[in-house]
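A.B. asks: Build me a model:
(chains A and B)
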Amino acid sequence: MAVEEGLKIELGKQGVFVTTIEELYNWGRRSSVWPMQFGLACCAIEMIATTMARYDLARFGAEVFRPSPRQADLMIISGTVTKKMAPQVVRLYNQMAEPRYVIAMGACAISGGPFKQGYNVLKGIDRYIPVDVHIPGCPPRPEALLQAFITLQKKITGQPLTGEDRPRHLDAEAQGEFPVPHQGEHDLEPTANKGVWTVPVVIR
Amino acid sequence: MTDSLVNASAVDKKLKGWNRPPIIEPDGEAELLEVAMGPHHPSTHGVFRMDVALDGERVVRLKPVFGYLHRNHEKIAEGNSYLASMPYTDRLDYICSLTNNWAYALAVEKLVGQAVPERAEYLRVILGELTRVQNHASAIGFLIQEMGASGTPLMYAFREREKILDLFESLTGSRMMCNYMRFGGCRVDASPAWLDAARKVVAGLPGFVDEFEALLRSNEILMARTQGVGILRPDLAINAGVTGPMLRASGVNYDIRKVDRYGIYDRFEFRVPLGDHGDVFDRFMIRLLEARESIKILEQALKEIPDGPVMDGKAKIRGFRPKAGEAYGRIEAPKGELGFYLISDGGPNPYRYRVRPPSLVNLTILEDMCLGQNVADVVLIFGSVDIVLGEVDR
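C.D. replies: Numbers count the residues shown, from 1 in each chain, chains lettered A, B, ... in the order given. The predicted structure is shown next:
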């Protein structure tokens, strides 16, 4: 339950700072999202450009790229995920500590993009792990990645601490490990993680 | 070929004073430690794995594992029309998409016998050399980053890169995936305002290279870590097919801009810088010197660019069927010889489409350079090869 906005401003004028645990907690979480230093393909260069002086990701508290998945909160899937790489991506995601978020950056990470017809390209990483924000583009501009960050921060701000909609790390029942696919005879097995992804219904 | 280009004894004499670590034969008794570097490793420029066997700190075996970014470029191109492959070439070496466009356009132009208008040739040279400057700047930035100087040099490099990317964007519509060249010319003409903007950026580039060099060359740690590390002998480099700055850092005078004189490169005055020792430091310096030569070419090209069309009016861009035959077009891409080999069977799409990627060929001698070195230097030597995984795995 958030504090009423008018009351909060009135109290603020008199030097009283009022907040809720939920707001404070989410403010802390959203202000220091540490991404994983993990580049896959072309989009990784735009991701690096975003961290550089011109676009300056540090304004959003996300400049600390951690090489280890254990220290990272956010995984930016920046580029094409091939069928050889997909098991490693899922394994890295499993190694990240909760709360963890995923941004699928670029057409390839969303759906396979221009390489979708290729025999070795995964048709979207959301088949295996839950994705929070998708960024279209090939490659998306740095501004698009910043927009994705802001979207993710809004999502974190809105997450309640209790109830049905609480985030996964506060839900003891939630799935922590996601099955890592392996190379089968013709394709990755399983071809999709059923708990995360369902075959979309095409209306013709 | 080896004898004519390299005097082996002179090379030995040059290398004599250098502190080269002895190459250690793996001892049957000793227990080797195997380390898998990658595919998720902060230094691997993407997804690449090196299985390194270590005796203490020394590397005794290194096995590169490719294929984590195999995106079926060649197979997709065989099913596509010639024009439809042009955007895919952008995504080969995604740092320098324009030189990829150029090499592919050159191969198709050879296949169909298509001439290119003069203004288009000038635009290609301008864009190609701008690409070379920004590639070398970011290659050096990444190399120093891997040495441990996290951030600062790369920020200098990317500051300049952004200026060049702005030029690309205002001309071609995209920062990275330019998709600009066509068979028989270029897609759109450059406006006078664009050329003025380009002149302005080029006028600022020598200052950037000076600043970059002063920042890095006076650094003692950089010198200590790069000199005498990862030596590539010229005879080995030639036998392995290494090209580009890697080859020239080893002292072999081979630049396709001078050898083939494709396009209009015979009109420009520029020199080919050569290294002495073929170590990481030489590779780093060669890139700085090459950037300077590129700036020279840019100044000349921007001065001399003539008026005229940028597209041959009779050129067929889509829906053409080349006669059965084959063609190989190659250019001096920033990373080395980039070639496209096309076989046509008379159909609307190529029968065989093959890329000769400089990154992959330059990477094949990684083990030879790393043997006997410390494991910390492997990252450095790997960085000095300057690869892009999109081109290695395709």
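A.B. asks: Roughly how far does whichever residue of the stretch 51-200 of chain B sits closest to chain A sit from B:Asp93?
C.D. replies: Relative to chain A, the nearest point of the stretch 51-200 of chain B is B:Asn72 (3.3 Å; Cβ to the nearest Cβ). Just so you know, the C-beta spots here come from the backbone N, C-alpha and C atoms, and that holds for glycine as well. B:Asn72 sits 17 Å away from B:Asp93, going by Cβ to Cβ, to the nearest Å.
A.B. asks: These two: which has the busier surroundings?
C.D. replies: B:Asp93 (29 against 19; other Cβ atoms under 10 Å in any protein chain shown).
A.B. asks: Sticking with the more buried one, tell me its helix or strand.
C.D. replies: Per DSSP states H and E: B:Asp93 is located in neither a helix nor a strand.
A.B. asks: Hmm, B:Val392 and it touching each other?
C.D. replies: No - the criterion here is Cβ atoms under 8 Å, and B:Asp93 misses it with B:Val392 at 9.4 Å.
A.B. asks: so what sits against both of the two?
C.D. replies: Jointly contacting B:Asp93 and B:Val392 under the rule Cβ atoms under 8 Å, 6 or more residues apart in numbering or on different chains are B:357, B:359.
A.B. asks: Minimum distance to chain A, which residue of the stretch 251-394 of chain B gives it?
C.D. replies: Relative to chain A, the nearest point of the stretch 251-394 of chain B is B:Gly390 (5.8 Å; Cβ to the nearest Cβ).
A.B. asks: Residues contacting the helix or strand hosting B:Phe382, please?
C.D. replies: B:Phe382 is part of helix B:375-385 when elements are defined by DSSP H and E. If you take Cβ under 8 Å, 6+ apart as the criterion, helix B:375-385 is touched by B:35, B:37, B:43-45, B:50, B:52, B:54, B:57-59, B:62, B:142-143, B:146-147, B:225-226, B:229-230, B:246, B:280, B:283-284, B:359, B:362-363, B:366, B:369-370, B:373.
A.B. asks: And for stretch A:190-199?
C.D. replies: With contact meaning Cβ under 8 Å, 6+ apart, stretch A:190-199 is reached by A:126-130, A:175, A:178-179, A:181.
A.B. asks: And stretch B:140-157, by the same measure?
C.D. replies: Applying Cβ under 8 Å, 6+ apart, the contact partners of stretch B:140-157 are A:48, A:52-53, B:43, B:45, B:137-138, B:158, B:208, B:211-212, B:215-216, B:221-222, B:225-226, B:280, B:284, B:287-288, B:379-380, B:382-384, B:386.
A.B. asks: So how do I select the buried members of the residues you listed in ChimeraX?
C.D. replies: Here is the ChimeraX command that selects the buried residues among the contacts of stretch B:140-157 (16 or more other Cβ atoms under 10 Å in any protein chain shown):
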select /A:48,52 /B:43,45,137,138,158,208,212,216,222,225,226,280,284,287,288,379,380,382,383,384,386
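A.B. asks: Could you pick out the longest helix of the chain?
C.D. replies: Using chain A here. The helix that spans the most residues within chain A, counting by DSSP state H, is helix A:142-157.
A.B. asks: wrong one, chain B
C.D. replies: helix B:118-147.
A.B. asks: and it with helix B:375-385, angle?
C.D. replies: Relative orientation of helix B:118-147 versus helix B:375-385 (axes from the mean of the first three to the mean of the last three Cα atoms, to 10 degrees): 170 degrees.
A.B. asks: Which is the succeeding secondary structure element to helix B:118-147?
C.D. replies: Where DSSP H and E defines the elements, the next helix or strand beyond helix B:118-147 is helix B:152-172.
A.B. asks: Name the residues of that following helix that come out as buried.
C.D. replies: Quick answer for helix B:152-172 (16+ other Cβ under 10 Å): B:153-154, B:156-158, B:160-165, B:167-168, B:171-172.
A.B. asks: next structured bit after it?
C.D. replies: Next helix or strand after helix B:152-172 toward the C-terminus (DSSP H and E): strand B:181-182.
A.B. asks: Who are the packing partners of the helix or strand immediately after that next one in the chain?
C.D. replies: Where DSSP H and E defines the elements, the next helix or strand beyond strand B:181-182 is strand B:185-186. Packing partners of strand B:185-186 (3 or more Cβ pairs under 8 Å, 6 or more residues apart in numbering or on different chains; DSSP states H and E): helix B:118-147.
A.B. asks: what distance separates the helix it packs on from the middle of the whole chain?
C.D. replies: Per Cα atoms, centre = their mean, to the nearest Å, the displacement of helix B:118-147 from the mean C-alpha position of its chain is 9 Å.
A.B. asks: quick check: angle from that helix to helix B:152-172?
C.D. replies: 160 degrees.
A.B. asks: List the buried residues for helix B:118-147?
C.D. replies: By neighbour count with 16+ other Cβ under 10 Å, helix B:118-147 contains the buried residues B:118-147.
A.B. asks: Could you do stretch B:260-271 as well?
C.D. replies: Going by 16+ other Cβ under 10 Å, stretch B:260-271 has these buried residues: B:260, B:262-263, B:265, B:268, B:270.
A.B. asks: do stretch B:342-350 as well
C.D. replies: Per 16+ other Cβ under 10 Å, stretch B:342-350 contains these buried residues: B:342-344, B:349-350.
A.B. asks: And that stretch, end to end?
C.D. replies: End-to-end distance of stretch B:342-350 (Cα to Cα, to the nearest Å): 6 Å.
A.B. asks: can you list contacts of that stretch?
C.D. replies: B:77-82, B:85, B:107-108, B:111, B:319-329, B:351-354.
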